[in-house]
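Undergrad: Provide a 3D model corresponding to the input given below.
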Amino acid sequence: MGNVAVVLDTDAIRLFAQAARSDNPAYRLADRPVVPPTFLPAGGSMAGERVETDHRFFGPPPRAGDQLTAIRAGAPGRPPVAESLTQYFDRTGGLVAESWAAAEAFAVEEVSPQAAALLATYATDWLGAEAIRRFRTRSVRPLPPGDVMSCSGQVTQSYVQDGEARVDVSLCGVDAAGTVVVRAWATFAVTGDETPDPR
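TA: Numbering: from 1, shown residues only. As a prediction, this is how the structure comes out:
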């Protein structure tokens, strides 16, 4: 697959954050907002429903105005799961982010990427939009339009990686009936020795 030039657009980031119901100033008010965890796409359309994603940032997330080169690789012809990986490089050729997705061709119900974006909003409101380093999701079932999703999260471990204090968290979004809609596992950079409280 060829290289694609990507310029991160301020308005697109703000609209995405608004759709994900985020009021985080890092997305909505900053001159150069950071990208939300699920903003960078993993690739083109694949057969089946996108049910699992993994977004990784190799440092702070990219910002509006950054010029990136996207290189996409995929395996759309391998049922029952099609996969796609897009890597994002900065002007110097440094890898700044990658987004992976797997779609199960046998998925019965259509799952919504909106639920994953809502769970990402919950996580970044808790631990910081600029501190996200990884956000992996598994969509379990659809969230009907207009339904309410409740989110929860807990810290699972604290450690140092690449000279940065980090925490891993597990997250869950449930619908009004208490049925799991989406699960996520995320990594955030943290400052100080304090472990964030569970939410």
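Undergrad: going forward, measure contacts between C-alpha atoms and count neighbours the same way
TA: OK.
Undergrad: which SS class is residue 173?
TA: When classified by DSSP: H, G, I helix; E, B strand; the rest coil, residue 173 comes out as strand.
Undergrad: what does residue 17 give?
TA: helix.
Undergrad: State the distance from it to residue 125.
TA: Computed as Cα to Cα, to the nearest Å, the residue 17 to residue 125 distance reads 12 Å.
Undergrad: Over to residue 162?
TA: Distance, residue 162 to residue 125, using Cα to Cα: 24 Å.
Undergrad: in the top helix by length along the chain, what's buried?
TA: When the chain is parsed with DSSP state H, its longest helix is helix 113-127. Buried residues in helix 113-127, defined by neighbour count with 16 or more other Cα atoms under 10 Å: 113-124, 127.
Undergrad: Over to stretch 23-43?
TA: 24, 26-28, 32-38, 40-43.
Undergrad: what residue ranges in this structure score low on pLDDT?
TA: 1-2, 42-50, 74-81, 104-113, 192-195, 197-199 (pLDDT under 70).
Undergrad: tally of neighbours for the nearest residue to residue 128 once chain neighbours are set aside?
TA: Once flanking residues are discounted, residue 128 sits nearest to residue 188: 7.9 Å by Cα to Cα, 6 or more residues apart in numbering. When neighbours are defined as other Cα atoms under 10 Å, residue 188 has 24 of them.
Undergrad: Enumerate the beta-bridge partners assigned to residue 188.
TA: Counting by DSSP bridges, residue 188 is bridged to residue 132, residue 167.
Undergrad: Next: residue 153.
TA: With DSSP bridges applied, residue 153 shows beta-bridge pairing to residue 171.
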